[in-house]
Each structure stands twice: as C-alpha cells, then as structure tokens.
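Novice: Build me a model:
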Amino acid sequence: MRALVTGASGFIGRRLVMELVRRGHETACLVRPTSKTAPLRDLPVEFVLGDIGDAASLAHSVKDRDHIFHLAGVIQAIDGPAFETANARGTRNLVDACLRAAPAIKRFVFVSSIAAAGPSPDGKALTEDDEPRPVSAYGRSKLAAERIVLEAGARMPVTIVRPPNVLGPGSKEIERTLGLLRKRLVPALGDNRPRTSLVDVDDLVEALLLAAENPRSVGRTYFVTDGQAYAWPEITAAIAEELGVKRFMIKVPFGFQILAARFAETAARLGRKPPLLTREIVRAARDHFWIYDGSKIERELDFHPRYGLRESVRRAVEESRLGRRGRAGRKEEA
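Specialist: All right, here's what the predicted structure looks like:
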C-alpha cells in the first residue's frame, strides 16, 4: 500500500500513520507549513506539503498513491461558512485531485462523523440506512463532504466511516476532562441515561484499514462503535476513578457551562479564532442522544472492537501521565 494521510498530525491521524508504518506500508502525510509534525518525525514517513484548501497544491500530493485516507478538516470554526469551506470544499478539492492525478487509486477512505447523521431520536440507535438529519453547521458540512465523496464513487472506489466520540491515548477530550478533574471540577453533562456511542482510537484505526483493504466496503458507509452506549456521567466517573479522584468534587452546572461557552464564543469572535467551547456543544450533550448501530461493519468487514470505555480511559490516562512526567523532566533539565 502506498498511502497518503490527510490530517496526519491530528489525534486519529497520528495513530493511523503509526499503524500503517508498523504494518510496513509506504506512508506519506499531507502537511501544511504550520502543521505540528513533531510526534511523527521519528517515523519513516514522507511529508508532502499541501493544503486541502488549496486545490493547486494537491495534484502532486496524490500522484502515485493508491490509498487515500482523508481525515483533514475542522471541528471548531468561527462560523458556518468556515465549516463549509474546510470540510466540504476541502474534500471537493482532494477528490478532484484524485480523479485527475491518481488514476490507479484503489481506495479513498473518508473519515466523516456521527454529526453528519445527526442525533438519534429517543435513544434508539441509528443505522446507516436512516436519513441523515444533522443539527449543527459542522454536521451539515460533513454531510456535504460525504455526498461529494459518494458522487465521486462512480469514478473511483470510495468508503465512508463515521466515528462517534473517540477515546484512547492522545484524546484531547480526555485531556481537558483530566485538567478539570485535577482541579476537582466535574462538568454536569446530561443525565444517567445512555446518550452516546464511543470507540477507541486504535479500534477506529483498525476499522479504517479494513475499510481500505476489503473490496466489500466499496461505496459503503459505516458507523464504528464499541457496541455499547454510555451516559455522560458514566464516562466522567470512569476518568475520575482512573485518575484516583473520587471525593470532594464540584459539579459545574449547566447554566455556568452555557455562560462559559458564551464567553468563549465572544472571545473567539474578537480574536477571529475558533472557540474551543460553544453553547451548541454544551446543549448537544444535554438535549440529544448520539447512539449508533455499529453492527454493519462487524458483519461485512469482520470488525471486532477490542476496547471498551474502561480500557480506553485507562490507556489515555496512562499516556497523559507519561506525557506529564516527560514535560516535568524537560523542565528540570532546563
């Protein structure tokens, strides 16, 4: 396999690149001059300068590649048009480049999101056959990107994978939760009803590789989950237990979270930067269910998740501890 990975410097992209290299595949990473490539520098990979937002930069990037893993995009943006530009138009640019310059492509794997499908009504798990009903600008932009990819499927083999919330080593969401828990703060998200599906990052990587190599996946869309549904307090409790924080925690109420999100949005607008927290994100956890049926990929591609919530959290917390020790060691040396 001669693979090109977009979004290689991100959480999922890094783990995918590491696994491609481990399996002996020739791997290239599409990066911008500003991409944070330090975690990949020790790997035998090629760095190709390009940007999915710059159509002219992509033809040389995809030339002679036979597998494209498209993970690049934005999760936070300053407004709806910014999501559309990065996620939909960027995907269009990459697809067009593949159609022009990669005639021997064997698979184009697009990593979409459950946001493209929209929330599951009343906690009933959605399947890939359900009509997508995204409720956010991000979700609408990812659905638009999916449709671009499927349209190109008449001329090249494509597969779409929709992950839910992704946990495991390197998860930014877990890192942020760890930061709050170390301060004895707990976000009061949702209720005790199961509201979200999850998947471990390394299980997702396995699913992406199966999707890339199995001929049955051509033209298909897959949800990938660990097969369970979780309540938000259950997830927070698992992280707190692994961290060893069990007592004297202060719950951050919904109203305060909305206030903090409003402040983050205002600061982001003034600074012309995407907000890390929005009222939409806070309300999505409280008001919607995000539960999906991952049995299709299990049936068709023989995918079997290895990690559940507890194991994913344990691995993520352990990596966080190792990272903190490493940073502390570098400070002492300095």
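Novice: which residues in this protein form helices?
Specialist: Secondary structure of the chain (DSSP state H): helices at 11-22, 59-62, 80-83, 90-101, 114-117, 137-152, 172-182, 201-213, 232-243, 254-271, 279-287, 295-301, 309-333.
Novice: now these in a markdown table, with distance to His70?
Specialist: No exception for glycine: its C-beta is placed from N, CA and C like everyone else's. Formatted as a markdown table, those follow (distance: least, CB to CB, whole Å):
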| stretch | distance to His70 |
| --- | --- |
| helix 11-22 | 10 |
| helix 59-62 | 10 |
| helix 80-83 | 16 |
| helix 90-101 | 6 |
| helix 114-117 | 14 |
| helix 137-152 | 8 |
| helix 172-182 | 20 |
| helix 201-213 | 10 |
| helix 232-243 | 28 |
| helix 254-271 | 26 |
| helix 279-287 | 24 |
| helix 295-301 | 18 |
| helix 309-333 | 24 |
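Novice: Would you confirm that Asp191 contacts Asp287?
Specialist: No - contact criterion CB atoms under 8 Å: Asp191 and Asp287 do not qualify, at 10.9 Å.
Novice: how close does the closest residue to Leu94 other than its chain neighbours get to Phe110?
Specialist: In this structure, Leu94 finds its nearest non-sequential neighbour in Ile52, 5.2 Å apart by CB to CB, 6 or more residues apart in numbering. Distance, Ile52 to Phe110, by CB to CB, to the nearest Å: 12 Å.
Novice: Equivalent analysis for Leu30, please.
Specialist: Applying CB to CB to Leu30 and Phe110 gives a distance of 14 Å.
Novice: burial of Arg315, as a residue count?
Specialist: Number of residues near Arg315 (other CB atoms under 10 Å) recorded here: 21.
Novice: nope, Ala115 is what I meant
Specialist: When counting by other CB under 10 Å, one arrives at 23 neighbours for Ala115.
Novice: try Glu151
Specialist: Around Glu151 there are 12 residues (other CB under 10 Å).
Novice: Can you give me the end-to-end span of stretch 98-111?
Specialist: End-to-end distance of stretch 98-111: 16 Å, with CA to CA, to the nearest Å as the criterion.
Novice: That one: how far from the chain's middle?
Specialist: Relative to its chain's centre, stretch 98-111 lies at 21 Å (CA atoms, centre = their mean, to the nearest Å).
Novice: got it, and stretch 168-180?
Specialist: 14 Å.
Novice: Let me know whether Trp290 touches Ile114 as I believe.
Specialist: Yes - using CB under 8 Å, Trp290 is in contact with Ile114, at 5.9 Å.
Novice: Could I have the CA atoms of stretch 61-79 written out in PDB?
Specialist: Output of stretch 61-79 as PDB, limited to C-alpha atoms (Å, rounded to 0.1, in the frame of the first residue of the first chain):
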ATOM      1  CA  SER A  61       0.400  15.100  -3.300                       C
ATOM      2  CA  VAL A  62      -1.900  12.300  -4.500                       C
ATOM      3  CA  LYS A  63       0.200  11.300  -7.600                       C
ATOM      4  CA  ASP A  64       1.300   7.600  -7.400                       C
ATOM      5  CA  ARG A  65      -0.700   7.000  -4.200                       C
ATOM      6  CA  ASP A  66      -3.100   4.000  -4.300                       C
ATOM      7  CA  HIS A  67      -4.800   4.600  -0.900                       C
ATOM      8  CA  ILE A  68      -6.000   8.000   0.400                       C
ATOM      9  CA  PHE A  69      -7.100   8.400   4.000                       C
ATOM     10  CA  HIS A  70      -8.900  11.700   4.300                       C
ATOM     11  CA  LEU A  71      -9.100  12.900   7.900                       C
ATOM     12  CA  ALA A  72      -8.300  16.600   7.500                       C
ATOM     13  CA  GLY A  73     -10.900  19.100   8.400                       C
ATOM     14  CA  VAL A  74     -12.100  21.400  11.200                       C
ATOM     15  CA  ILE A  75     -14.200  20.600  14.300                       C
ATOM     16  CA  GLN A  76     -14.300  24.100  15.500                       C
ATOM     17  CA  ALA A  77     -14.800  27.100  13.300                       C
ATOM     18  CA  ILE A  78     -15.700  30.800  13.600                       C
ATOM     19  CA  ASP A  79     -19.000  30.300  11.600                       C
END
